[in-house]
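Trainee: What shape does this take:
(chains A and B)
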Amino acid sequence: MAELQYFWQITVAGLGTGLIYGLIGIGFAIVLNVSGIINLAQGEFSMLGAIMTLYALQVLGLPIFAAIALAVTVVTILGVAFERLCISRLKVFSIQTAIFITLGASMFARGGAMVAWGKENHSLPAFSGHGAVSILGAAVPLQVFWILGIAAAVIAALYWWFNRTLFGLAMRSCAENRLGAEFVGINVRLMVTVSFAMSAALGALAGIVAAPLTFVSFDGGLILGIKGFVAAILGGRGSYLGPVIGGLALGVLESVSAGYISSTYKDSIAFAVLILILTLRPNGLFGRWAAR
Amino acid sequence: MLRLGIRLIFATLLAAWASVSSHAADPYKVGLIAAATGYGSFIGDPEVKAARLYVKLLNQSGGINGRPVELIVYDSEGSPEKAVVAMKRLTTQDKVTAIVGPDFSATVRAVIPIVDEAKIVTYVMTPVIKPPPGSYMFAAYPIQEYAYEQQLAWFKKRGLNTLGVLASTDTTGQEGVKFLREIGQRLGVNIVVEQFNIQDVDVSPQLLNLQRRGSEGIMAAVSGKPFAVVAKSMKQLNMKLPLLASTGSVTNTLGELLKGIEPELLLLPTLRIFVADQLPKDDPQLPAITKLREVYKKEYGAEPDLYAAVGWDSTEIVIKAIAATGGNPAQMRDYIENLRNYVGTVCIVNMKPEDHHGCAPDGYVLVQFKDGKFVLER
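Mentor: Got it, this is the predicted structure:
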């Protein structure tokens, strides 16, 4: 019984962490699905969102939800500005070049945040306290429910957007066939800009809601970005539930490896399984369209 | 008449200049290398301030037997390359009598060969590196292992037997585990170990595993964000074991970092100066610490922290050595190696040929972090 309890608690801990990875993974998926670009600055959107919320809370003295709204708005503007100033300006668009630009942007954002806010680590208060509730004997932090709720709302909103609105369908068509979309009169550049705006907003939101669990520092976006990217790839392109499930899978894998096999090799084990999965299922667990 | 006047003025000026310049050739030169700016400035800046203040007060009261001391300061920015360049300049161009610093372990490691070659007394400011026996290098601070030793002794005294250690997968973590195992064996504390990556955002599985293996307390030998991650994970699991931290966690921002996730009992090792107000009246180091606090506050308007204390003691010991020997390098080395019962602001120094740190384990005191305050553990 104690063994079962242990397994359950380990799994629950992994699910909690995995949910954070998944939420960040969705941001990756939006830009990837619309433009084919892997936005390596995605983790930095999360970091900036969290740091700006903290700034708005402590320096401007705003209440928490106003601070979050402000931070998400500012990061969204930054995301659009980044896309307009850097990606859109490419003389000849190429996905590889765009990816390198996002890599540069991520380093720029990290350096800028370090200069502006320093190297200290900060903590954002949990939205409803740092307590935990017990589910079948396993402690679950209250903040996890916030993350869960926001993830569910985001997935529902994205489903509606990409399946029920003309704008969303137009964005999807860019991903299916960029040239074809241009021929039928879709403004592909606008769609790419909108995808960056959405993923910046979502990245910021993910960073903010995860911050009470992950802490806030200028380099905090790096590891979250990597894990979120893995979640997106594991989940497969084309779906928005995919990254969440991919994230949960990664979180549980890490947690179970640490709890049962070896905490030293936890990351190696998790990534070895990732390689295995992608070898057997190159499109990820829920990949839809690369199979064509 | 006017010409004569001008000549007279010139002559006086010339004489004054000559006396100043002959005076300027006189001072003992002491080098100082510290990470005064950059990411380590919170360590290097107070060290430099304390050393400058010591030399200033010394010169005001007549210097060393009438000869002033000139402090030549180089900023390493925490970089080994810069420390090496500074060390070479001090030994070959500035031709200093002795050197204080560097401070960061990487910078200290980098200059060891230069100290060997130049044979100049170098008083480094790190608890991590043991200077090679017989060398010209000495070190301030009680060595790092002593902090663990004090904590494990506290643990044992409370009747606890198994300590769960969360170690980072980097070298610092692995070296820490090695020391903890040795000390644990000596004091009869069973050590169980789990690893974690300092980038991890959750260590619940490791904590659960440690608890399953019988841990009655958790030691997290990391500081900053990784330490907060450990505290957060314990809070989430509702784990009420005592949490033991390393010296690096003792900062004034700890309260902010741990807001809402304070452990039930948090025990940290630190130096006496950090809890100067709480020291017992008969503490032998109290007079030295009080004196430093007085002069430092007067000069800079702030309390000296433990890095200021380290800078202060290191400078004082080097100056004492120069005063006793007239600056002969080999004699200075022997003088410091035979230093006994020097009561400093950091610790009571008793050097030995095989121990160039000189502090005893009780150089560390233990404090509990309670309601945002550090409380001396008696």
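Trainee: for chain B, which spans come out with low pLDDT?
Mentor: Chain B contains residues with pLDDT under 70 at B:1-25.
Trainee: where does it come near chain A, residue by residue?
Mentor: Neighbours of chain A within chain B, by Cβ under 8 Å from any Cβ of the partner chain: B:39, B:169, B:194-197, B:199, B:201-202, B:204-206, B:208-209, B:212, B:224-225, B:228-229, B:232-233, B:235-238, B:253, B:256-261. Placement of C-beta: from N, CA and C, glycine included.
Trainee: Could you list which of those residues belong to helices?
Mentor: Using DSSP state H, the subset of the residues of chain B next to chain A located in helices is B:204-206, B:208-209, B:212, B:225, B:228-229, B:232-233, B:235-236, B:256-257.
Trainee: Buried only: go through the residues of chain B next to chain A for me.
Mentor: B:169, B:194-197, B:199, B:201-202, B:204-206, B:208-209, B:224-225, B:228-229, B:232-233, B:235-237, B:257-259, B:261 (16 or more other Cβ atoms under 10 Å in any protein chain shown).
Trainee: right, and residue A:206 touches residue A:47 too?
Mentor: No - the pair residue A:206 / residue A:47 is not scored as a contact, 10.6 Å apart, by Cβ atoms under 8 Å.
Trainee: The nearest residue to residue B:81 once chain neighbours are set aside in helix, strand or coil?
Mentor: Nearest in space to residue B:81, with sequence neighbours left out and distances taken as Cβ to Cβ, 6 or more residues apart in numbering or on different chains, is residue B:110 at 7.6 Å. Residue B:110 falls in the helix class when you classify it by DSSP: H, G, I helix; E, B strand; the rest coil.
Trainee: residues in contact with residue B:110?
Mentor: B:80-81, B:83-84 (Cβ atoms under 8 Å, 6 or more residues apart in numbering or on different chains).
Trainee: quick one: stretch B:63-76 to chain centroid distance?
Mentor: Averaging C-alpha positions (Cα atoms, centre = their mean, to the nearest Å) puts stretch B:63-76 20 Å from its chain's average.
Trainee: Then stretch A:72-81?
Mentor: With Cα atoms, centre = their mean, you get 15 Å for stretch A:72-81.
Trainee: List the buried residues of that stretch.
Mentor: For stretch A:72-81, by 16+ other Cβ under 10 Å, it's A:72, A:74-76, A:78-80.
Trainee: what ranges do the helices span in chain B?
Mentor: Counting by DSSP H, the helices of chain B are B:2-25, B:41-60, B:80-88, B:105-118, B:144-157, B:171-187, B:204-212, B:225-236, B:254-257, B:286-300, B:306-325, B:329-337.
Trainee: could the ones you listed go into CSV alongside distance to residue B:344?
Mentor: Formatted as CSV, these follow (distance: least, Cβ to Cβ, whole Å):
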stretch, distance to residue B:344
helix B:2-25, 31
helix B:41-60, 12
helix B:80-88, 24
helix B:105-118, 19
helix B:144-157, 15
helix B:171-187, 24
helix B:204-212, 38
helix B:225-236, 29
helix B:254-257, 25
helix B:286-300, 6
helix B:306-325, 4
helix B:329-337, 13
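Trainee: burial of residue 82, as a residue count?
Mentor: All of this refers to chain A. 23 (other Cβ atoms under 10 Å in any protein chain shown).
Trainee: that's the other chain; I wanted chain B
Mentor: Neighbours of residue B:82 (other Cβ under 10 Å): 19.
Trainee: before we move on, what about residue B:338?
Mentor: By other Cβ under 10 Å, neighbour count at residue B:338 equals 11.
Trainee: how about the helices in the stretch 51-200 of chain A?
Mentor: For the stretch 51-200 of chain A, applying DSSP state H, counting those that start in this stretch gives helices covering A:64-82, A:95-117, A:142-164, A:166-176, A:178-183, A:188-214.
Trainee: In JSON lines, list those helices along with distance to residue B:281.
Mentor: Formatted as JSON lines, the helices of the stretch 51-200 of chain A follow (distance: least, Cβ to Cβ, whole Å):
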{"stretch": "helix A:64-82", "distance to residue B:281": "47"}
{"stretch": "helix A:95-117", "distance to residue B:281": "43"}
{"stretch": "helix A:142-164", "distance to residue B:281": "47"}
{"stretch": "helix A:166-176", "distance to residue B:281": "74"}
{"stretch": "helix A:178-183", "distance to residue B:281": "79"}
{"stretch": "helix A:188-214", "distance to residue B:281": "44"}
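Trainee: hey, which of these is tucked in deepest?
Mentor: Of all the helices of the stretch 51-200 of chain A, helix A:188-214 has the most neighbours on average by mean count of other Cβ atoms under 10 Å in any protein chain shown, namely a mean of 25.
Trainee: Can you give the domain ranges for chain B?
Mentor: For chain B, automatic domain parsing gives the domain ranges B:28-143+B:286-363, B:145-276+B:364-376.
Trainee: Which one of the ones you listed lies nearest to residue A:191?
Mentor: Among these, the nearest to residue A:191 by Cβ to Cβ is domain B:145-276+B:364-376 (33.1 Å).
Trainee: I'd like the domains of chain B laid out as TSV, including distance to residue A:119.
Mentor: Listed next are the domains of chain B as TSV, based on distance: least, Cβ to Cβ, whole Å:
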stretch	distance to residue A:119
domain B:28-143+B:286-363	6
domain B:145-276+B:364-376	9
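Trainee: pretty sure residue B:107 is touching residue B:81, no?
Mentor: No - the criterion here is Cβ under 8 Å, and residue B:107 misses it with residue B:81 at 9.1 Å.
Trainee: For those two, indicate the residue with more neighbours.
Mentor: Neighbours were counted for residue B:107 and for residue B:81 using other Cβ under 10 Å; residue B:107 has more, 28 against 11.
Trainee: For that one, give its distance to chain A.
Mentor: Distance, residue B:107 to chain A, using Cβ to the nearest Cβ, to the nearest Å: 18 Å.
Trainee: quick one: contacts for that residue?
Mentor: Contacts of residue B:107 (Cβ under 8 Å, 6+ apart): B:33, B:35, B:76, B:78-80, B:82-83.
Trainee: Top of those by number of neighbours, please.
Mentor: Of all the contacts of residue B:107, residue B:33 has the most neighbours under the rule other Cβ under 10 Å, reaching 32 neighbours.
Trainee: Which helix or which strand is home to the residue nearest to residue A:137 when sequence neighbours are not counted?
Mentor: Sequence neighbours aside, residue A:5 is the residue nearest to residue A:137 in space, at 5.4 Å (criterion: Cβ to Cβ, 6+ apart). When elements are assigned from DSSP states H and E, residue A:5 belongs to helix A:2-35.
Trainee: For that helix, what is the distance to the chain centroid?
Mentor: Its chain's C-alpha centre and that of helix A:2-35 lie 11 Å apart, by Cα atoms, centre = their mean.
Trainee: and if you look at stretch B:349-359?
Mentor: In terms of Cα atoms, centre = their mean, the centre of stretch B:349-359 is found 15 Å from the chain centre.
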